[in-house]
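S.K.: sequence first, predicted coordinates after that:
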Amino acid sequence: AIFLGLVTHPATRFTLASSSDGLLPSLQNLLTTQGIQARLSIHGTDEWTENVVRIDRAVVEASIDAELEIEKRWRNYIDRSVPNSLLDTFMGIRRIYRRGKFLPRGRRELRSDDPGFRMVRRLVNIEIAHMSLLRQAASSESEWALIAEDDATSSDLSALAQSIGTFIREQTPNAQPKYVNISRSFNHRRLRVRDLLQPIETWGPPASNIEALQASRPITNTVCAMLYRTDFLATLVHTMEAIPLEPVVPIDWKLNNAIMQLYDSGKLTSGDCWTLDPAPIVQSSMSRDVKS
């Protein structure tokens, strides 16, 4: 069985995602024809209120700083040869740029149409949606869960469904992987993770030319589409819930924060993470970056 979770929002421009022709509804039908129980859950509501997070200038500043701090630790995690002094300088420059981009000059009060206000509100909604679906998946009776955002697309849904079906049948009895990066938003060179990846097998039929790569340290390629083993999700959700909502950071970085904690504690190890190349799912809002 597999749990399918779709992250969307009433204001999304990717309205097709939650229709019967969308990626996950289509996968649900295709997997069912293979004899696989596929449960679909869609989180598409706006959850932000001032009672959840009151967005002001201090919150935006703290969110920018927290995201850059996690990114700094992540860059050190994937490439320990990079000097901290160089990272500090790089993040300092980015902090100045991001504060200039998201915070208004000359006034303290934020308006609801300010870039920083809209950014934090959007991140709050995305995190609430992801966490809701991850909790549902962890408590479901499915062995696997595919959590995807509404800009996830695939050029061959039939091949994707066949590959997922074959994968979960073959890998469910095994201990690894714990999760698979099934989408690609950035190329591996830009992510600086190529040295951490080792090809281990073909994903799907040989004609697909898709390789499964095993990571020596767990990595991610955004959360556009992630395939999780649900018994691992219980541990992951517990770790992510222990990280406060404020300061608000992108869910991708919150996941990376949790992964680093799980790796440091030995709850994630070499081989627990797989990534696919080329990925069968593309993040359409960032598709220009995935061609190399």
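M.R.: Received, thanks. Here the structure is a predicted model, which means the values were calculated and not measured.

S.K.: and the helix or strand of the chain with the lowest mean pLDDT, which residues are buried?
M.R.: Lowest on mean pLDDT, DSSP states H and E among the helices and strands of the chain sits helix 188-191, with a mean of 90. Judged by neighbour count (16 or more other Cβ atoms under 10 Å), helix 188-191 contains these buried residues: 188, 191. Using the backbone N, CA and C atoms, a C-beta is placed for each residue, glycine as well.

S.K.: let's have the chain start at 56 instead
M.R.: With 56 as the first residue, the last one maps to helix 243-246.

S.K.: all helices of the stretch 156-305 of the chain, in order?
M.R.: 170-194, 212-226, 243-246, 285-296 (DSSP state H, counting those that start in this stretch).

S.K.: average model confidence for the longest one?
M.R.: Along helix 170-194, the predicted local confidence has a mean pLDDT of 97.

S.K.: centre of the chain to it, how far?
M.R.: Chain-centre distance of helix 170-194: 11 Å, with Cα atoms, centre = their mean, to the nearest Å.

S.K.: got the angle for that helix vs helix 285-296?
M.R.: On the basis of axes from the mean of the first three to the mean of the last three Cα atoms, to 10 degrees, helix 170-194 is oriented at 140 degrees to helix 285-296.

S.K.: just checking, what packs against helix 170-194?
M.R.: If contacts are counted by 3 or more Cβ pairs under 8 Å, 6 or more residues apart in numbering; DSSP states H and E, helix 170-194 sits against strand 57-62, strand 93-98, helix 112-133, helix 139-157, strand 199-204, helix 285-296, helix 306-319.

S.K.: could you point out which element follows the first one?
M.R.: Scanning forward in sequence from strand 57-62, with DSSP states H and E defining helices and strands, the next element found is helix 78-88.

S.K.: may I have that next one as PDB, with CA atoms only?
M.R.: Extracted C-alpha coordinates of helix 78-88, given in PDB (Å, rounded to 0.1, in the frame of the first residue of the first chain):
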ATOM      1  CA  LEU A  78      -0.100  13.800 -11.000                       C
ATOM      2  CA  LEU A  79      -1.200  12.200  -7.800                       C
ATOM      3  CA  PRO A  80      -4.800  11.500  -8.700                       C
ATOM      4  CA  SER A  81      -3.600   9.900 -11.900                       C
ATOM      5  CA  LEU A  82      -1.000   7.800 -10.000                       C
ATOM      6  CA  GLN A  83      -3.700   6.700  -7.600                       C
ATOM      7  CA  ASN A  84      -5.700   5.200 -10.500                       C
ATOM      8  CA  LEU A  85      -2.700   3.700 -12.200                       C
ATOM      9  CA  LEU A  86      -1.300   2.100  -9.000                       C
ATOM     10  CA  THR A  87      -4.800   0.700  -8.100                       C
ATOM     11  CA  THR A  88      -4.900  -1.100 -11.500                       C
END
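
S.K.: now do the buried residues in it.
M.R.: 78-83, 85-86.

S.K.: identify the residues contacting that helix?
M.R.: Applying Cβ atoms under 8 Å, 6 or more residues apart in numbering, the contact partners of helix 78-88 are 57, 59-61, 72-75, 93-95, 97, 201, 203, 207-209, 212-213, 215-217, 219-220, 336.

S.K.: which PyMOL command selects the buried ones in these?
M.R.: Buried subset of the contacts of helix 78-88, written as a PyMOL selection, criterion 16+ other Cβ under 10 Å:
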select buried, resi 57+59+60+61+72+73+93+94+95+97+201+203+207+208+209+212+215+216+217+219+220+336
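
S.K.: let me know which of the helices and strands packed on helix 170-194 is tucked in deepest.
M.R.: The highest mean neighbour count among the helices and strands packed on helix 170-194, using mean count of other Cβ atoms under 10 Å, belongs to strand 199-204: a mean of 27.

S.K.: contacts for that one?
M.R.: With contacts defined as Cβ under 8 Å, 6+ apart, strand 199-204 is touched by 56-63, 78-79, 82, 181, 185, 188-189, 192-193, 219, 223, 227, 237-238, 278-285, 288, 336, 338.

S.K.: what of stretch 124-136?
M.R.: Against stretch 124-136 from outside (Cβ under 8 Å, 6+ apart): 137, 139, 142-143, 146, 246-248, 250-251, 272, 274, 304, 308-309, 311-312, 315, 318.

S.K.: restrict it to CA atoms and write it as CSV.
M.R.: What follows is stretch 124-136, C-alpha atoms only, in CSV (Å, rounded to 0.1, in the frame of the first residue of the first chain):
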residue,chain,number,x,y,z
GLU,A,124,22.2,29.4,9.5
ILE,A,125,20.7,26.0,8.5
GLU,A,126,22.1,26.5,5.0
LYS,A,127,25.6,27.1,6.4
ARG,A,128,25.4,23.9,8.5
TRP,A,129,24.1,22.0,5.5
ARG,A,130,26.9,23.2,3.2
ASN,A,131,29.4,22.1,5.8
TYR,A,132,27.6,18.8,6.2
ILE,A,133,27.8,17.9,2.4
ASP,A,134,31.3,19.3,1.9
ARG,A,135,33.4,19.5,5.1
SER,A,136,36.4,20.9,3.2
